[in-house]
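Trainee: Fold the following and give me the result.
(one chain, ligands or ions: 1)
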Amino acid sequence: MNVRDKRIVIFGGTSGIGLATTSMLSEMNAKHIYSISRNPEKSLLSNSNIELVKMDVLDESKLVSFFEKIGRYDILINAATGGERAIGPFMKMDLEGYRNSFKKLWGYTNSVRYGLQNLSKNGCVVLVSGSPARKCKPGQIALASVGGAVEAFSKSIASEIMPIRINVVSPGIIDTPMVPLEGSEREEFYKKVTKENLIPRAGKAEEVAQAILFAIQNDFITGTTIDVDGGWLNS
Ligand SMILES: NC(=O)c1ccc[n+]([C@@H]2O[C@H](COP(=O)([O-])OP(=O)(O)OC[C@H]3O[C@@H](n4cnc5c(N)ncnc54)[C@H](OP(=O)(O)O)[C@@H]3O)[C@@H](O)[C@H]2O)c1
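Mentor: Predicted coordinates:
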């Protein structure tokens, strides 16, 4: 699919991977991009084909009215984190924190359930999982469980929603505002957590956005996952 002149909905489009994707789609002359998050005023992009929308992807009634209001569109992307992520060993984890990590999955499934009514039959969906889904390191059980569920969801629903295509992009460690550290502390963190990867550095949001664009543009893929992880799975 050529993104030129397409109408696009992107959840989490105001920061990190979603922001980089919004920026690329805008430069490629998408007709209209609804870039959605809870605090869209934080976005630095103000191109004329981008409309910032303030909405929580977990708010089902707002989602229903939003999709009714916008009518027919072509591409649905969800890169929203959904809420807090629980990190640490499962046996010591606050179970409420573990359960809350699934807000990302509920946000994704909400957007697919309510967003597909008006998605063009030639349209496509892209969701974002994460490397722990298929190679979990100690302390990543919540990330692995949620990412695994996102990938299973996409793979399973692909045959139900055809000819609409759905794919997942799975990032490794990517330098985005999701990690709140600053300065040398931030540098040390990324150095430490990527040192065993085949490409020992944090990825850039743009490198993941390129894979999201590939999933949109390649009309011969559906129900699959594209890894952009610096060799995490092979390390
Ligand atoms: N960065 C990494 O290393 C990494 C690795 C693996 C997977 N991922 C996945 O990649 C995706 C993007 O992450 P990122 O690094 O780009 O994170 P980010 O920079 O923190 O961006 C997340 C975006 O999601 C929005 N958002 C979060 N909860 C929302 C909600 N309930 N409703 C609407 N919007 C919501 C945020 O805006 P508001 O907070 O203003 O709502 C923000 O725009 C996530 O699914 C993440 O799990 C990231």
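Trainee: Can you get me a residue count around Thr194?
Mentor: Residues lying near Thr194 (other C-beta atoms under 10 Å) number 22. (C-beta placed from N, C-alpha, C; glycine too.)
Trainee: what's the neighbour count on Ile166?
Mentor: 27.
Trainee: should've said Gly71
Mentor: So Gly71, with other C-beta under 10 Å, has 8 neighbours.
Trainee: Can you give me the separation between it and Arg7?
Mentor: For Gly71, the distance to Arg7 equals 9 Å [C-beta to C-beta, to the nearest Å].
Trainee: How about the residue of the chain found nearest the ligand: what's its closest non-neighbour residue?
Mentor: The chain approaches the ligand most closely through Gly16 (2.3 Å), counting by C-beta to the nearest ligand atom. Leaving aside its chain neighbours, Gly16 sits nearest to Thr176 (3.1 Å; criterion: C-beta to C-beta, 6 or more residues apart in numbering).
Trainee: In contact with that neighbour, which residues?
Mentor: Each residue near Thr176 by C-beta atoms under 8 Å, 6 or more residues apart in numbering is listed here: 15-17, 205.
Trainee: ok, now how distant is the residue nearest to Ile77 when sequence neighbours are not counted from Glu206?
Mentor: Spatially, and ignoring its direct neighbours in sequence, Ile77 is nearest to Ile10 (4.3 Å; C-beta to C-beta, 6+ apart). Distance from Ile10 to Glu206, counting by C-beta to C-beta: 15 Å.
Trainee: So the two - more neighbours on which side?
Mentor: Between Ile10 and Glu206, Ile10 has the larger neighbour count (other C-beta under 10 Å), namely 28 against 14.
Trainee: what bridges to the more buried one?
Mentor: Ser35, Ile77 (DSSP bridges).
Trainee: Contacts only, for it.
Mentor: Ile10 neighbours (C-beta under 8 Å, 6+ apart): 18, 21-22, 25, 33-36, 76-79.
Trainee: let's go with 10 Å and repeat that
Mentor: Ile10 is in contact with 18-19, 21-22, 25, 30, 33-37, 50, 53, 75-80, 111, 126, 212, counting by C-beta atoms under 10 Å, 6 or more residues apart in numbering.
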